[in-house]
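[1] What follows is a predicted structure for the sequence shown.
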Amino acid sequence: MLKFLQQPAYKPEQTGPEADARYKKLRLQVFLGAFIGYAGFYLVRKNLSMAIPAMAPLGFEKTELGFVLGLNAAAYALSKFLMGSVSDRSNARVFLPLGLILTAISMCFMIVPIQFIGAEHKALAIVVMGVLNFLVGWFNGMGWPPCGRVMTHWFSVSERGTMMSIWNCAHNVGGALVGPMATYGAAWFGSWFYGAHTELYFLIGTFAFPAAVALFIALLAYVLLRDTPQSCGLSSIEKWRNDYPKNYSEKQEETLTTKEIFFKYVLNNKFLWFIALANAFVYMVRYGCLDWAPTILTEKGIDLKSAGWAYFAYEFAAIPGTLLCGWLSDKLFHGRRALPTMLFMALVAIFIVLYWLFIDNLTIVIISLIGIGFFIYGPVMLIGVQALDLAPKNAAGTAAGLTGFFGYFFGTFILANTVIGLVAQNAGWSATFLLLLGACVLAILFMGLTYKEEQYLVKNK
């Protein structure tokens, strides 16, 4: 472990009213750091997708750029799992800003193969773009694990669902800002760099401007974040709130070796495998509906503008749905995550049926997409929370990384993008809706296998 990444030593524990006041203040500060920092990662994640339309006149083709996009997804899936293990043994205050800085630098350098190598040396340009976009995906995988580490150390299990649901909205906030930043960044700074060459303005708006903002956010995150309460001279969150889960022990406050994390607490935990498999099918539904919605609707004769509004409605509905699901899991279900996840996935299935049966009715289609977006993001968030609940705090990043790997690699890359695309082309859209309904059933089934393990949370109440 590099010295600057090492976790800070624990300080002597403070007690009394001053310590309580400081604890409350630092919890809010750390939460803001995690929220703002994670939103920053979404400013420099899938920017190439926005640049593709402007790259066609420069001589780049969609099939070539699609390969480059795929490298980003594959790298992110692997990194979220492998870098999660590094995060569990690192100082979150340093690890998260470092990942964001490296992501921003890699994103900014995407300008080089497009402008300076260009389509006249297309093979080299595509290779360089692929390497850089792979690095963007890999370094982006350094965002979630330290946030998971921070949330488990500063928020106890009975409040974690609510707080994680609020924090999870960071990716909606960050993702929503990419479009306006690309537009205004090109308008504000394009002429500074490219003068009359307006065809290149998008390079500043899509790559350089978001990267510069992300660098500032990395600095802000470093100022706000703290690794653990104990490193600030405070007690563990379980002791401070008197909220101890069944699997808690003092050993969870220690740093584990990589071997212990993987083989003792993660790979041998059958419940983590259950929720990882459930996550694959949840992500299949999430991106199977989202990524293919514009294609389905335009093929049905619905204009692209209306399809775009349907896409927007799907994403916007995620925020209240995520907040409601997190609140329900803490307040109504007393910290259990399996039951609300199963309930929300059943409701998703109902809206998929409506989507399928009334595919030619734009009003019902938009209502269905709003319903799917509202209910699907709660399970996406809660599965991450459940991974944190079912593993010790000092293995939280690796546990969440395992579920994330299954979600992004198998659920998104293999099932939602590849399998659904092949089925849609060869068997039609009705067959894809059947696949999505089957994914809902399998997600509910695998989540149901974790139900009994969570009963201790109710008993503790």
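    Yep, that arrived. Numbers count the residues shown, from 1 in each chain.

[2] Contacts for the helix or strand Thr162 falls within next, please.
    Per DSSP states H and E: Thr162 is located in helix 157-168. Around helix 157-168, the neighbours that count as contacts under C-beta atoms under 8 Å, 6 or more residues apart in numbering are 31, 34-35, 38, 147, 151-152, 155, 241, 243, 245, 322-331, 334-335, 337, 377-378, 380-382, 384-385, 388-389, 457. Backbone N, C-alpha and C define where each C-beta goes, glycine included.

[3] same thing with stretch 349-360?
    Stretch 349-360 is contacted from outside by 285, 289, 296, 300-301, 364-365, 367-369, 371-372, 375, 429-430, 433, 436-437, 440-441, using C-beta under 8 Å, 6+ apart.

[4] Can I get the buried part of those as one PyMOL selection?
    Applying 16 or more other C-beta atoms under 10 Å to the contacts of stretch 349-360, the buried members can be selected in PyMOL as follows:
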select buried, resi 285+289+296+365+367+368+369+371+372+375+429+433+436+437+440
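
[5] Count the neighbours of Leu5 for me.
    If you count neighbours by other C-beta atoms under 10 Å, Leu5 ends up with 14.

[6] Once you drop chain neighbours, what's closest to Gly179?
    Once flanking residues are discounted, Gly179 sits nearest to Met50: 7.0 Å by C-beta to C-beta, 6 or more residues apart in numbering.

[7] now the one you found: how far from Tyr76?
    Met50 is 17 Å from Tyr76, where distance means C-beta to C-beta, to the nearest Å.

[8] Leu267 too?
    From Leu267 over to Tyr76 the distance is 21 Å, taken as C-beta to C-beta.

[9] got it, and Gly205?
    23 Å.

[10] cool, and Ala346?
    For Ala346 relative to Tyr76 (C-beta to C-beta), the value is 29 Å.

[11] Helices of the stretch 351-461 of the chain, start to end?
    Counting by DSSP state H, counting those that start in this stretch, the stretch 351-461 of the chain has helices at residues 362-390, 396-405, 420-427, 429-448, 455-460.

[12] Give me the number of neighbouring residues for Leu272.
    Leu272 has 24 neighbours, counted by other C-beta under 10 Å.

[13] if I pick it, what's in contact with it?
    Val266, Ala387, Leu390, Ala391, Ala399, Leu402, Thr403.

[14] so the helix holding Thr162 versus helix 362-390, what angle?
    130 degrees (axes from the mean of the first three to the mean of the last three C-alpha atoms, to 10 degrees).

[15] Could you identify the helix or strand that succeeds helix 157-168?
    helix 170-194.

[16] Quick one: mean pLDDT over the helix or strand just after that following helix.
    The helix or strand immediately downstream of helix 170-194 is helix 201-203, counting by DSSP H and E. Across helix 201-203, the average pLDDT comes to 94.

[17] Which secondary structure elements does helix 201-203 sit against?
    Under the contact criterion of 3 or more C-beta pairs under 8 Å, 6 or more residues apart in numbering; DSSP states H and E, helix 201-203 touches helix 47-55, helix 170-194.

[18] possible to save these as CSV with mean pLDDT and distance to Asn140?
    Output for the helices and strands packed on helix 201-203, formatted as CSV (pLDDT from 0 to 100; distance: least, C-beta to C-beta, whole Å):
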stretch, mean pLDDT, distance to Asn140
helix 47-55, 83, 11
helix 170-194, 87, 11
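
[19] For His121, find the nearest of these.
    The closest of the helices and strands packed on helix 201-203 to His121 is helix 47-55. By C-beta to C-beta, the value is 14.7 Å.

[20] any idea of the angle the closest one forms with helix 170-194?
    On the basis of the same axes, to 10 degrees, helix 47-55 is oriented at 40 degrees to helix 170-194.

[21] Now helix 47-55: buried residues?
    Across helix 47-55, burial judged by 16+ other C-beta under 10 Å covers Asn47, Leu48, Met50, Ala51, Ile52, Ala54, Met55.

[22] Report the distance from it to the chain centre.
    Helix 47-55 sits 21 Å away from the centroid of its parent chain (C-alpha atoms, centre = their mean, to the nearest Å).

[23] What of stretch 70-86?
    Taking C-alpha atoms, centre = their mean, one finds stretch 70-86 lying 11 Å from the centre of the chain it belongs to.

[24] Check stretch 103-117 too.
    The chain centroid and the centroid of stretch 103-117 are separated by 23 Å, computed with C-alpha atoms, centre = their mean.

[25] Looking at it now, give me its mean pLDDT.
    Across stretch 103-117, the average pLDDT comes to 96.

[26] Tabulate the CA atom coordinates of it in CSV.
    This file holds the C-alpha atoms of stretch 103-117, laid out as CSV (Å, rounded to 0.1, in the frame of the first residue of the first chain):
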residue,chain,number,x,y,z
THR,A,103,-10.6,10.1,-14.3
ALA,A,104,-10.6,13.8,-15.1
ILE,A,105,-7.1,13.7,-16.6
SER,A,106,-7.9,10.7,-18.7
MET,A,107,-11.1,12.3,-19.9
CYS,A,108,-9.4,15.5,-20.9
PHE,A,109,-6.8,13.6,-22.9
MET,A,110,-9.6,12.2,-25.1
ILE,A,111,-9.1,15.3,-27.1
VAL,A,112,-5.7,14.1,-28.3
PRO,A,113,-6.8,11.1,-30.5
ILE,A,114,-9.7,13.1,-31.9
GLN,A,115,-8.0,16.4,-32.8
PHE,A,116,-4.3,15.6,-33.1
ILE,A,117,-4.2,12.0,-34.4
